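[1] Here is the input, now give the coordinates:
(chains A and B)
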There are 2 protein chains.
Amino acid sequence: MSDPRQRRLAALVHGLTTAHVDGLLVTSLANVRYLTGFSGSSALLLVTPRDVVLITDFRYQTQVAEEVGDFARVGIEPQSLWIGLWQHLGQLPHVKVVGFESAHLLHRDFQRLLENGTRWQWRPTVDLVETLRERKDENEVALIEAAAKVATTALEKTLRQVRAGMTELEVAGVLEKALRDEGSEGFPFPSIVASGPRAALPHARSSPRRIETGDFLLIDFGAEVHGYCADVTRTVVVGRATGEQREIYEVVRGANELASQRVHAGLSGRDADALARDYIQSRGYGELFGHSLGHGVGLEVHEAPRLARTAEGALAEGAVVTIEPGIYRPGWGGVRIEDDVVLEASGPRILTQFTRELIELT
Amino acid sequence: MSDPRQRRLAALVHGLTTAHVDGLLVTSLANVRYLTGFSGSSALLLVTPRDVVLITDFRYQTQVAEEVGDFARVGIEPQSLWIGLWQHLGQLPHVKVVGFESAHLLHRDFQRLLENGTRWQWRPTVDLVETLRERKDENEVALIEAAAKVATTALEKTLRQVRAGMTELEVAGVLEKALRDEGSEGFPFPSIVASGPRAALPHARSSPRRIETGDFLLIDFGAEVHGYCADVTRTVVVGRATGEQREIYEVVRGANELASQRVHAGLSGRDADALARDYIQSRGYGELFGHSLGHGVGLEVHEAPRLARTAEGALAEGAVVTIEPGIYRPGWGGVRIEDDVVLEASGPRILTQFTRELIELT
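    All right, here's what the predicted structure looks like:
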């Protein structure tokens, strides 16, 4: 199998030409990992049509050799990555105009470019690498699917142990241990375990609140395998569901099902969002679905594309996106059901295999 | 007890005058939390001598009311926080020169200031709030101490369960569950569980490697209580220690003890670093202590001050810093022992109560 980095590099070099730059300074660590395989937390990457230069610090000397091999020229900088950048750039006489990632460079570091990099012209660029990352190859999809399997297996183990009287934090602990036991490399975002009225907070964190019989329990969490993330939400009832809980649950389930079946490459992010939103609105709950339908997942748990009312662009073939409609009634509770879906040429395929029927933990 | 936010605000307003700005746009979420109490993940804060304006999105409507009360004028923005910023700024005619946080503003957002904020002069500032955060008050120290107690209790529980044959990821799962059971709100950074030769990697993450009898096991992790972090490392031997393991361990333990006893307010970060470094060097292992001695902890797990060879500034009274010397022999293993120490007027006080004697898990 050919090295996917070669293909990615060629595509990026094409993008450099279009952006009229001689090279690109990559400061997003996810983009560095995508292009070179390096997974450390400290790196500057310079890509030109002829050169790939990766600068990191001594802590990663062993790791960078293992992960990057001879794909890039590697500089290990004892003091500051920026000093290394000036030295390496100075050895590339054909490079005069250098792009940088406007969404991944702090103003402080932008000032460094202007003050210490006066020999070069610096040009802001947007999404040159992110656009490439949107289309996942087979191997990437397989890794997200593996992460989804870790996530759903951990959720299954967790739900068997949840009881009224446990705190949200305790449930998070059970879940996170199960994720580790299944091999998750990390937690892509802080696990949300939100019970009762707290399930109405679309961005709750886990709290010391004790779960009561009759509560909705909303669990939104991630898993990570070889750097690739999955993002899953399920909402269950601890005890028997009331008629009202069941009614709202079924509206969210219908919206999730409809959107997961109909989302496809070529659709705009706005029209994808509308699949679920129109359905929820038609059932009379439109005001209570306050966030957008979903987002891409991959090396980052939130990445391109967006599925939202303000997203004009068409979804790419190969994109993996979340489908996560929700209904939230302040003070009462809320329901969200979230799956990860890959947009294949033949249509959408759900990667997160876990029942969407209402579970009552009795 | 008076509201600490009033005191912090007064100190910041003093800083604004010194920096010759009429107001400050705060984009660091940790700084927003410090100044207002708001713990959400989306916020812009504007502080002037007369105004405190906090802009967030609809997801945090309930939370911001609870956490901020009437300390700030709160704007809930449905579309973009930046649109809210222009509206609120437009209502403050006395504000002409506005500082922004150079280390916490992306170039993309800096461009927004230049393009959409043409009515104002924008001036980069550095560390205006971070400098205030360096001196912890009693309540902050108590929270870090509570987080340290959560961390050390969880570590004790974990070490009772560690056996040769477990993977590093499984140990991480046991640890993280114990942290949740003790009430940790989150994991300030990805837990490092590194065994055998992997203990030589100063920035390892937890891996699927199975722990073998005779391995060093290095565990570096954090806990969080009401937003405040603790950061702890211990290194144990799984089985009986060899003479060489014991020798290296004792050098690190000596360096940790010496630095924890002698570090004090007024010392420069460089001289603090030298306390441990000179000791390790005198024992012949100087080349194998490749990182700096420590860093501040508080609302962030890495914050000011730095204890490093390049840190000229004096340590503030009230600072809480890590003391984390280490020795790493590539391919063989490594030892790090890390405590959190508050620099009180009367001298240093260790917040992380856990034995520093070599533990052999037999």
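[2] A:V47 is in contact with A:G23, correct?
    Yes. A:G23 lies in contact with A:V47 (CB atoms under 8 Å); the separation is 6.1 Å. C-beta: built from backbone N, CA, C; applies to glycine.
[3] where do the contact lists of the two overlap?
    A:L16 (CB atoms under 8 Å, 6 or more residues apart in numbering or on different chains).
[4] In terms of packing, which of the two has more residues around it?
    A:V47 (27 against 24; other CB atoms under 10 Å in any protein chain shown).
[5] which ones are touching that one?
    A:V47 is in contact with A:9, A:12-13, A:16, A:23-24, A:26, A:35, A:53, counting by CB under 8 Å, 6+ apart.
[6] Now list the buried members of those residues.
    A:9, A:12, A:16, A:23-24, A:26, A:35, A:53 (16 or more other CB atoms under 10 Å in any protein chain shown).
[7] Turn those residues into CSV, including pLDDT.
    Supplementary listing: those in CSV, determined by pLDDT from 0 to 100:
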residue, pLDDT
A:L9, 98
A:L12, 98
A:L16, 97
A:G23, 98
A:L24, 98
A:V26, 98
A:L35, 98
A:V53, 98
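[8] These in strands, which ones?
    Judged by DSSP state E, the buried ones among the contacts of A:V47 include A:23-24, A:26, A:53 as members of strands.
[9] Can you give me the buried ones in the longest helix seen in chain A?
    Scanning chain A for the longest helix, with DSSP state H as the assignment, gives helix A:138-159. Of all the residues in helix A:138-159, those buried under the rule 16+ other CB under 10 Å are A:140-141, A:143-155, A:157-159.
[10] Isn't A:R73 up against A:R50?
    No. In this structure, A:R73 is not within contact of A:R50 by CB under 8 Å, at 10.8 Å.
[11] So those two - more neighbours on which side?
    When A:R73 and A:R50 are compared on other CB under 10 Å, the one with more neighbours turns out to be A:R73, at 14 against 11.
[12] roughly how far apart are the more buried one and B:N116?
    Note on A:R73: its distance to B:N116, by CB to CB, to the nearest Å, is 40 Å.
[13] swap in A:K157?
    A:K157 is 49 Å from B:N116, by CB to CB.
[14] Contact partners for the closest residue to A:R253 other than its chain neighbours?
    Nearest non-adjacent residue to A:R253, counting by CB to CB, 6 or more residues apart in numbering or on different chains: A:R356, 5.4 Å away. When contacts are counted by CB under 8 Å, 6+ apart, A:R356 touches A:234, A:253, A:256-257, A:337, A:339.
[15] mind checking the SS state of A:R356?
    Following DSSP: H, G, I helix; E, B strand; the rest coil, we place A:R356 in the coil state.
[16] So which helix or strand of chain A has the lowest pLDDT on average?
    One helix or strand of chain A scores below all others by mean pLDDT, DSSP states H and E: helix A:61-68, with a mean of 91.
[17] hmm, back to that, show me what the mean pLDDT comes to for the next helix or strand after the longest helix of chain A.
    Note on helix A:138-159: by DSSP states H and E, the next helix or strand toward the C-terminus is helix A:168-181. The pLDDT scores in helix A:168-181 average 98.
[18] For A:L45, grab the count of nearby residues.
    Residues within reach of A:L45, counting by other CB under 10 Å, total 24.
[19] same deal with the one 3 residues further on?
    By other CB under 10 Å, the residues close to A:T48 number 18.
[20] do the one 4 residues further on as well
    Look at A:V52: counted by other CB under 10 Å, it has 20 neighbours.
[21] Nearest residue to it in space, please, no chain neighbours.
    Counting by CB to CB, 6+ apart, the residue nearest A:V52 is A:A72, at 4.1 Å.
[22] same deal with A:R112?
    A:W82 (5.6 Å).
[23] Quick check, pLDDT for that neighbour.
    pLDDT for A:W82: 96.
[24] Kindly provide the distance from it to A:T27.
    Applying CB to CB, the value for A:W82 to A:T27 is 11 Å.
[25] what's the overlap in contacts for those two?
    In contact with both A:W82 and A:T27: A:44, A:109, using CB under 8 Å, 6+ apart.
[26] Specify which residue of these two has the higher count of neighbours.
    A:T27 (19 against 16).
[27] which residues does the nearest residue to the more buried one once chain neighbours are set aside contact?
    Excluding the flanking residues, the one nearest A:T27 by CB to CB, 6+ apart is A:H104, at 4.7 Å. With contacts defined as CB under 8 Å, 6+ apart, the neighbours of A:H104 are A:26-28, A:31, B:106.
[28] before we move on, the earlier item: from what I see, the residue nearest to A:R112 and A:Q111 are in contact.
    No. The pair A:W82 / A:Q111 is not scored as a contact, 11.0 Å apart, by CB under 8 Å.
[29] And A:T118, how close does it get to A:L89?
    Counting by CB to CB, the gap from A:T118 to A:L89 is 12 Å.
[30] The two: who's more crowded?
    A:L89 (20 against 9).
[31] and that one, that one's in a strand?
    No. A:L89 is assigned helix when assessed by three-state DSSP, not a strand.
[32] Provide a list of residues in contact with A:I248.
    A:I248 makes contacts with A:285, A:327, A:329, A:335, as judged by CB under 8 Å, 6+ apart.
[33] Over to it: give its phi and psi.
    Torsion angles at A:I248 (phi, psi; degrees, to the nearest 10) stand at phi -70, psi -40.
[34] try A:I192
    phi -100, psi 120.
[35] That one: neighbouring residues, count only.
    Neighbour count of A:I192, defined by other CB under 10 Å: 21.
[36] Across the sheet, point out what pairs with it.
    For A:I192, the beta-bridge partners under DSSP bridges are A:D220.
[37] just checking, it touches A:P202?
    No. Using CB under 8 Å, A:I192 makes no contact with A:P202, being 9.2 Å away.
[38] Chain B contacts on the stretch 201-350 of chain A?
    A:201-203, A:205-208, A:290-291, A:310, A:330 (CB under 8 Å from any CB of the partner chain).
[39] Export the residues you listed as JSON lines, with columns for secondary structure, neighbour count and pLDDT.
    Output for those, formatted as JSON lines (DSSP: H, G, I helix; E, B strand; the rest coil; neighbours: other CB atoms under 10 Å in any protein chain shown; pLDDT from 0 to 100):
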{"residue": "A:L201", "secondary structure": "coil", "neighbour count": "21", "pLDDT": "88"}
{"residue": "A:P202", "secondary structure": "coil", "neighbour count": "21", "pLDDT": "79"}
{"residue": "A:H203", "secondary structure": "coil", "neighbour count": "15", "pLDDT": "79"}
{"residue": "A:R205", "secondary structure": "coil", "neighbour count": "21", "pLDDT": "88"}
{"residue": "A:S206", "secondary structure": "coil", "neighbour count": "27", "pLDDT": "95"}
{"residue": "A:S207", "secondary structure": "coil", "neighbour count": "17", "pLDDT": "95"}
{"residue": "A:P208", "secondary structure": "coil", "neighbour count": "10", "pLDDT": "96"}
{"residue": "A:G290", "secondary structure": "coil", "neighbour count": "16", "pLDDT": "88"}
{"residue": "A:H291", "secondary structure": "coil", "neighbour count": "17", "pLDDT": "92"}
{"residue": "A:T310", "secondary structure": "coil", "neighbour count": "11", "pLDDT": "93"}
{"residue": "A:P330", "secondary structure": "coil", "neighbour count": "12", "pLDDT": "89"}
